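Asks: predicted coordinates and the sequence they were generated for:
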Amino acid sequence: MAIEFNTTDIEHFRSLVEGARRVALTCHMSPDGDALGSTLAMRSLLRSMGKDARVITPDQPPRYLRVIPGAREVMAWSSFGEMAERVISDADLVLCMDYNGLSRLSKLAPAVGNATAPRVLIDHHLYPEGFTDITFSYPEMSSTCELTYHLLNAMGWGDRIDNEVATCLMSGIITDTGGFHYNSNSPDLYRALAALMERGVDKDRLMRCLVDTHSASSMRLEAFAIAERMELFADGHAALIVLSREDLNRFEYKKGDTEGLVNKPLAIPGIIYSCYMRQEKDYIKVSMRSVADFPVNTLCSEFYNGGGHLNAAGGEFYGTIDEATRIFRENIENNSRLISQAALDYANR
């Protein structure tokens, strides 16, 4: 699906970039490959234009994303709060990558919300909150990285997509499609991938590092989660995995160790809805995946302070793990007919 960008927005964005000397690039809390990939791709491209471009994240990205060029150079607010806020306040332009509302920034939100510089949103999530001067919001895109690729070409900067920029963009596309397992049926996506590979991207290496590499402890944790913590619901059409802090500590959990765990139950025939909950220090991280037409984004938005796409969404629940699971069970009961019908429709395709 080719994107038709608003010409006025394109020209406005170009003028903002041309007039900026310092650019602050931000992405959401607990950055994934798409958030970090799109942000670092823009950083690399802006630096090739002579801009002082810096990436600010709310917290430290997981270690497995260090394969993305520039990932070791991001400034996490959780470690360098005052310095990070100063970078944003001193910027001539603030880019908001891969998030649709300030709440996704957690404690970094006030710094971006109070920024005096123009703000530009580049994102593929539903329902942008309108807090930026320019909004490039295209939920039909597989990822913000795919959107960024098309935007750079529309800006006339396609020739600036070198190997480093292309590697960043490919990383986000790989992770936000689960290694091309969902949100990846558009032929235009593969045309973009081919163009990125023509820049010399080693897709196979990225797939190994981002999808197929696991530590011994993370593999044991995943096996434990499936064997001991997975429950099935709705006549075998839905699954829930819950890991407490005690579970995580037992297997020396590190950020990123359970990446992709939420997808595992979908390999079981008949399951069309999977939910994974992980107990963090101050909240419960919720991830959901589905197949067919079961809308996990609405559940995450309504009950777990999040959102996303029809088949891939997430959020944060600020309460106990028992409360979070109780809401899940109630939703299963309330949506049992919808789940069963979606499973039937999917089986009859």
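Replies: Perfect, thanks for sending it.

Asks: now do the phi/psi pair for residue 231.
Replies: Main-chain torsions, residue 231, degrees, to the nearest 10: phi -120, psi 150.

Asks: for it, list each beta-bridge partner.
Replies: Judged by DSSP bridges, the bridge partners of residue 231 are residue 240.

Asks: number of residues surrounding it?
Replies: 14 (other CB atoms under 10 Å). Every residue, glycine included, has its C-beta placed from N, CA and C.

Asks: what's the answer for residue 63, then?
Replies: Using other CB under 10 Å: residue 63 sits among 13 other residues.

Asks: ok, it to residue 36 distance?
Replies: Plainly put, residue 63 is 12 Å away from residue 36 if you go by CB to CB, to the nearest Å.

Asks: kindly report the same for residue 88.
Replies: Here residue 88 is placed at a distance of 18 Å from residue 36 (CB to CB).

Asks: who's more crowded, the two?
Replies: Under the criterion of other CB under 10 Å, the comparison of residue 88 against residue 36 puts residue 36 first, with 29 against 23.

Asks: helix, strand or coil for the more buried one?
Replies: The three-state assignment at residue 36 reads helix, by DSSP: H, G, I helix; E, B strand; the rest coil.

Asks: can you pull out the helices in the stretch 101-250 of the chain?
Replies: 109-113, 144-154, 163-176, 187-197, 203-210, 216-228, 245-250 (DSSP state H, counting those that start in this stretch).

Asks: kindly export the fifth one (C-alpha atoms) in PDB.
Replies: What it means is helix 203-210. Extracted C-alpha coordinates of helix 203-210, given in PDB (Å, rounded to 0.1, in the frame of the first residue of the first chain):
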ATOM      1  CA  LYS A 203      19.100  -9.600   7.000                       C
ATOM      2  CA  ASP A 204      20.200 -13.200   8.100                       C
ATOM      3  CA  ARG A 205      22.500 -11.800  10.800                       C
ATOM      4  CA  LEU A 206      19.800  -9.500  12.100                       C
ATOM      5  CA  MET A 207      17.300 -12.400  12.200                       C
ATOM      6  CA  ARG A 208      19.700 -14.500  14.200                       C
ATOM      7  CA  CYS A 209      20.500 -11.600  16.700                       C
ATOM      8  CA  LEU A 210      17.100 -10.200  17.100                       C
END
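
Asks: elements contacting that helix?
Replies: Contacts defined by 3 or more CB pairs under 8 Å, 6 or more residues apart in numbering; DSSP states H and E place helix 203-210 against helix 163-176.
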